[in-house]
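what's the 3D shape of this:
(3 chains)
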Amino acid sequence: MRGVLIDIFHRLLDRYSNQNWWPADTKDEIVIGAVLTQNTAWRNVERAIENLKRSNLCSLDGINSADIDVLKENIKPAGFFNQKASYLKNIAAFFCQHGGFDGLNRLDTARLRKMLLSVKGIGKETADSILLYVFDRPIFVVDAYTKRLLKRHGIAHEAEYDQIQRIFMENLPCDVGLFKEYHALIVRNAKEFCKTRPDCSGCPLEGLL
DNA sequence: CACCAGGAATGTA
DNA sequence: TACATTCATGGT
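Purely as a prediction, here's the structure:
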């Protein structure tokens, strides 16, 4: 198992090189993007973030003080704008209540994860994305692409989030940089092949099937 | 026209 | 616990 996961990582890395995720200018923007991208194409998230930047609302403080309807209007391209506007408000308030990034960064990872999960609008993937890419904690992010990859290569047939997360974390060196890069490469590869080419011909993981 | 995209909350049995 | 439904825009 361990060898397979490391083999996959190196094949992806050889093909695409470092991705240096998350694609954002600030930590606040990562949090915002993590919510906006829930079940949504990243292209549409980019439009929403452009709107927020133009309105000077692309920060947690900005979201805190923004009018909810203005917020909705800005993030409309990302879909589910009624829910996501509330979610963003919840998360911005949460950060504010706990002393912002520096305040929350004092907490241990397990505690911080539970607190993030208690915020309405933050599920497992969003929480782990924030833990990994904002707080630099060694947590493996599992998304639809990750589940599909493991299923396709017969590594794990169950689609349970915690199960899949454990498979990665128990069989890889516990390294923040590795976890960041691995998840980024899985997304990159999925967008490159599995999406546009159903047969996955030319995919760097072809030999593993 | 249908289907999907870097999910999560809510309701039902 | 295990599923089903809802949320919404833009691309293919």
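
any idea how chain A splits into domains?
A:2-20+A:140-208, A:27-133 (automatic domain parsing).

pick out the shakiest of those domains, pLDDT-wise.
Mean pLDDT values for the domains of chain A show the minimum at domain A:2-20+A:140-208, a mean of 90.

residue A:202 versus residue A:71, what's the distance?
Using C-beta to C-beta, to the nearest Å, one gets 42 Å for the distance from residue A:71 to residue A:202. Just so you know, the C-beta spots here come from the backbone N, C-alpha and C atoms, and that holds for glycine as well.

for residue A:155, that is, sorry about that
21 Å.

between these two, which has more neighbouring residues?
Neighbours per residue (other C-beta atoms under 10 Å) separate residue A:155 from residue A:202, with residue A:155 holding more: 16 against 10.

need the contact list for the residue of chain A found nearest DNA strand B.
Closest residue of chain A to DNA strand B, C-beta to the nearest atom of the strand: residue A:123 (2.2 Å). Contacts of residue A:123 were listed using C-beta atoms under 8 Å, 6 or more residues apart in numbering, and they are A:38, A:117.

remind me, longest helix of chain A?
Looking across chain A with DSSP state H, the single longest helix is helix A:81-97.

only alpha carbons, please: show the helix or strand following that one as CSV.
For helix A:81-97, the following helix or strand on the C-terminal side (DSSP states H and E) is helix A:100-104. Only the C-alpha atoms of helix A:100-104 are listed here, as CSV (Å, rounded to 0.1, in the frame of the first residue of the first chain):
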residue,chain,number,x,y,z
GLY,A,100,-8.2,35.4,14.0
PHE,A,101,-5.5,33.2,12.5
ASP,A,102,-3.0,33.8,15.3
GLY,A,103,-5.6,33.0,18.0
LEU,A,104,-6.7,29.8,16.3
